[in-house]
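Chemist: Next come a sequence and a model predicted from it.
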Amino acid sequence: MASGAGTHSPNQILAGRYATALYEYAESVGALDRVIEESEALARLIDESDELRVFLANPLIDAQEGTKAARAVLEAQGFGSIIRDFVGVVCNNRRLFFLRPILKSFAELVDKKRGVMRAEVVSAHPLTDLQSTQLRARLTELGFGRVQINETVDPSLLGGLVVKLGARLYDTSLKSRLQRLQYAMKGAA
């Protein structure tokens, strides 16, 4: 994690440390696949629950009470002991507000270890299975190897795609094309 530390914020470094600890522990006890699955489920739960996000962001929650409450919620949702214990450690360290960035860092670490690159794809309409397969094949042709597509729909694009892969951005949306045409026409006038 130390390499390239100058390009990462202290929060990214901290999230990376927690993520690495979780990864290494889960791997050492032979529970990595389950922890990956549960960390993804927990990230979705946080993303979908306003109440949970408010709870996590509350700095006034006592560490012991917060740990107890978080563990109860996770147990009720069927999470295993590794995730429950991990969230307990995060809470005891008064970093509960930081749980979502830690889970994001964990997902990035898993991708890196498995040689997977995530493509953030925004389209005007949901991609069909064929379009997803074709996009994945095209990205492989461009040298991106194993690509996981995370799709978002934004009708304001009108058509085409916006694909973000790491620091690269490919924008073939109709909205952008029309904007470029508009700028070109203003320059010619």
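Modeler: In hand now; what should we look at? Numbers count the residues shown, from 1 in each chain.
Chemist: what's the model's confidence in the longest helix seen in the chain, averaged?
Modeler: In the chain, assigned by DSSP state H, the helix with the most residues is helix 10-28. Averaged across helix 10-28, the pLDDT comes to 93.
Chemist: Can you name the element that comes right after it?
Modeler: helix 32-48 (DSSP states H and E).
Chemist: That next one to helix 10-28, inter-axis angle?
Modeler: Going by axes from the mean of the first three to the mean of the last three C-alpha atoms, to 10 degrees, helix 32-48 is angled at 140 degrees with respect to helix 10-28.
Chemist: Could you number the chain from 668 rather than 1 from now on?
Modeler: I'll keep to 668 as the first residue from here, and by that count the last item is helix 699-715.
Chemist: So what touches helix 699-715?
Modeler: When contacts are defined by C-beta atoms under 8 Å, 6 or more residues apart in numbering, helix 699-715 is touched by residues 689-690, 693, 719-720, 723, 741, 744, 746-747, 749-750, 754, 766-767, 770-771, 773-774, 777. C-betas here are computed from N, CA, C, even on glycine.
Chemist: Mind doing that once more with 7 Å?
Modeler: 689, 693, 719-720, 723, 744, 746-747, 749-750, 766-767, 770, 773-774, 777 (C-beta atoms under 7 Å, 6 or more residues apart in numbering).
Chemist: Show me just the buried residues among the residues you listed.
Modeler: 689, 693, 719-720, 723, 746-747, 749-750, 766-767, 770, 773-774, 777 (16 or more other C-beta atoms under 10 Å).
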